[in-house]
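Student: Sharing a model prediction with you, sequence too.
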Amino acid sequence: MSKEQEQLSVRDNTAAQQYEVHVDGQVAFLEYERGDGVIELIHTEVPPALEGRGIAGMLARTALGDARSAGLEVIPSCSYVAAYICRHPEYLPLVAEPYRAGLTPGE
């Protein structure tokens, strides 16, 4: 983790149903929808000025860690989150069974 990432914090804005990182007046976010025993990770967006700082990865890691802590199954509808899980297969057991088939570790 870079020094900049250490200074950034991810916040769960439950009212907006999104994880957020605020930097220089801009907001990067990962939208989600939480249901009974499940969380669907829907869409990640990082403003162009904030790209390349690892912020999307921070959002995904936080959301997946929170899902693990809460005992939630994950539906990775967001293509970024799906790719993140492929690169970090330790999160694969969190994925709801019907959605695991398309996720191959190491992709």
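Tutor: Alright, I've got the coordinates.
Student: only C-alpha atoms for contact and neighbour calcs from this point on.
Tutor: OK.
Student: Provide the count of other residues in contact range of L50.
Tutor: 16 (other C-alpha atoms under 10 Å).
Student: And the pLDDT at it?
Tutor: Predicted confidence (pLDDT) at L50: the value is 95.
Student: can you count the residues close to R53?
Tutor: 13.
Student: ditto for P105
Tutor: What P105 shows, counting by other C-alpha under 10 Å, is a neighbour count of 15.
Student: Number the residues from 21 up from this point.
Tutor: Sure, I'll start numbering at 21, so the last one becomes P125.
Student: Pass me the low-pLDDT residue ranges in the chain, would you?
Tutor: For the chain, residues meeting the criterion pLDDT under 70 lie at 21-26, 126-127.
Student: All the helices of it, in order from the start?
Tutor: Along the chain, counting by DSSP state H, helices occupy 23-27, 75-90, 99-107, 117-120.
Student: Next one: the closest residue to Y111 other than its chain neighbours from Y52, what distance?
Tutor: Nearest in space to Y111, with sequence neighbours left out and distances taken as C-alpha to C-alpha, 6 or more residues apart in numbering, is I105 at 5.8 Å. Using C-alpha to C-alpha, to the nearest Å, one gets 16 Å for the distance from I105 to Y52.
Student: Those two - which one has more neighbours?
Tutor: Each of I105 and Y52 has its neighbours counted (other C-alpha under 10 Å); I105 has more, 26 against 22.
Student: Do I have it right that that one meets P113?
Tutor: No. Contact status for I105 versus P113: not in contact, 9.8 Å apart, counting by C-alpha atoms under 8 Å.
Student: any chance of the helices of the chain in a markdown table, with distance to G45 too?
Tutor: Output for the helices of the chain, formatted as a markdown table (distance: least, C-alpha to C-alpha, whole Å):
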| stretch | distance to G45 |
| --- | --- |
| helix 23-27 | 15 |
| helix 75-90 | 15 |
| helix 99-107 | 23 |
| helix 117-120 | 35 |
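Student: I'm done for today, thanks for sticking with me.
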